[in-house]
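**Student:** let's see this in three dimensions:
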Amino acid sequence: MLDLSLSVAGLPALAKGSEKSLLSLFANGESGFLIYPLDDLSRLFQDSAATTSVTADNDPVGYAGDSSGNACNATQATSSLRPLWRANGGKPYLQPDAGDDRLLTTFIPTAALTLAFAGRLSGINQIVLGGGISPANNRAVLGTSGTGNVARVGWGASAEALVGVTNITNSDHVVVMTGNADAIELYVDGIREANGIPSGTPAGTTSPVALCAYNNGNSQSLFAGGRQYAFLGLNRRVTFAEVTLITNKFRGAYE
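**Tutor:** Residues are numbered from 1 along each chain as shown. This next block holds a predicted model:
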């Protein structure tokens, strides 16, 4: 049952201990979203209007409720484009088809930005979280690289990317991208695998972040496959301690 008492900075305290800790990331009124945990079926619906609950393995997900307090829910109005909810023995995840499945949030990338997910992908050049527009050099994407099954970040300028070394397609991992005008960093399982100085910014477009795809100028592409257990977006750069917090809590989704 949901605990309706107040916790961090007036945000609702949720029943899951993991969520209570992750809510501290939004303590100063930051915009963003937290789609986690996926075993909270009170937040998952088969339709985008949130009228038909997800109740069983292989049900489609047309609405995934935001836990951050920002009401930045992820939705999909077209039934054929909805990922599936997989029960996975109590460690549930979303399973998109790598062809066209995706959910769309209302969160628009900002100049200081963090994106994170827990999961694995099914191949190269797949995006778990992405929004903005490449021609305007205002993109933000997080997924696998086009030349290998390793984590990569696209930030600002179209050609700019950070690529890690860990294969994120054959086992579960937590991947975090965080940055601002001074620096961008890519972490896999709490270890910084790449960093750089950005030449562009993800801010300044009207294309919000999608789950399981890149929402490029409100045209979706680079669809993800595999399994995704948790998603986070935040309009600021996080500290290393906060990367550790995200990593430790998201690991609980699959360990």
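
**Student:** use CA for all of it now, contacts and neighbours both
**Tutor:** OK.

**Student:** mind listing the helices for this protein?
**Tutor:** Using DSSP state H, the helices of the chain run over 17-22, 240-251.

**Student:** which of those has the lowest average pLDDT?
**Tutor:** Ranked by mean pLDDT, those end with helix 17-22 at the bottom, a mean of 70.

**Student:** F231 and S158, how far apart?
**Tutor:** Applying Cα to Cα, to the nearest Å, the value for F231 to S158 is 23 Å.

**Student:** quick one: which of these two has more around it?
**Tutor:** Shown here are F231 and S158; by other Cα atoms under 10 Å, F231 has more neighbours (25 against 16).

**Student:** and that one, what are its bridge partners?
**Tutor:** Beta-bridge partners recorded for F231 (DSSP bridges): I35, F117.

**Student:** surely it meets F117?
**Tutor:** Yes - if you go by Cα atoms under 8 Å, F231 and F117 touch, sitting 4.5 Å apart.

**Student:** who touches both of those two?
**Tutor:** Counting by Cα atoms under 8 Å, 6 or more residues apart in numbering, the shared contacts of F231 and F117 are L129.

**Student:** apart from its chain neighbours, what residue comes closest to A213?
**Tutor:** Leaving aside its sequence neighbours, A213 sits nearest to F223 (Cα to Cα, 6 or more residues apart in numbering; 4.3 Å).

**Student:** wait, that neighbour touches N215, no?
**Tutor:** No - applying Cα under 8 Å as the test, F223 and N215 come out as separate, 9.7 Å apart.

**Student:** higher neighbour count, those two?
**Tutor:** Neighbour count, other Cα under 10 Å: between F223 and N215, N215 has more, with 29 against 24.

**Student:** quick one: the closest residue to that one other than its chain neighbours from L234, how far?
**Tutor:** In space, and not counting its chain neighbours, N215 is closest to G131: 4.6 Å by Cα to Cα, 6+ apart. Distance, G131 to L234, using Cα to Cα: 13 Å.

**Student:** go on, P92?
**Tutor:** Look at P92 and L234: by Cα to Cα, they are 23 Å apart.

**Student:** who has more neighbours, the two?
**Tutor:** Higher neighbour count among P92 and L234: L234, with 24 against 21, using other Cα under 10 Å.

**Student:** can you tell me the closest non-neighbouring residue to the more buried one?
**Tutor:** G32 (4.4 Å).

**Student:** while we're on that neighbour, how confident is the model there?
**Tutor:** For G32, pLDDT reads 98.

**Student:** thought V141 was touching E160, still the case?
**Tutor:** No - with contact defined as Cα under 8 Å, E160 does not reach V141; the gap is 10.7 Å.

**Student:** T110 contacts P202, doesn't it?
**Tutor:** Yes - counting by Cα under 8 Å, T110 does reach P202; the two are 5.8 Å apart.

**Student:** look at these two and report which has more neighbours.
**Tutor:** Using other Cα under 10 Å as the criterion, T110 and P202 rank with P202 on top: 28 against 22.

**Student:** and the closest residue to D182 other than its chain neighbours, how many neighbours does it have?
**Tutor:** Closest residue to D182 apart from its sequence neighbours, by Cα to Cα, 6+ apart: I197 at 6.0 Å. Counted with other Cα under 10 Å, residues neighbouring I197 total 13.

**Student:** ok, I197 - contacts?
**Tutor:** Listed by Cα under 8 Å, 6+ apart, the contact set of I197 reads 181-184.

**Student:** pull out the buried residues from those residues.
**Tutor:** I184 (16 or more other Cα atoms under 10 Å).

**Student:** for the stretch 1-150 of the chain, which spans come out with low pLDDT?
**Tutor:** By pLDDT under 70, the weakly predicted segments of the stretch 1-150 of the chain are 1-20.

**Student:** try 90
**Tutor:** Scanning the stretch 1-150 of the chain for pLDDT under 90 picks out 1-20, 135-136.

**Student:** between E160 and V141, who's got more neighbours?
**Tutor:** Set E160 next to V141 and count neighbours by other Cα under 10 Å: V141 wins out with 29 against 16.
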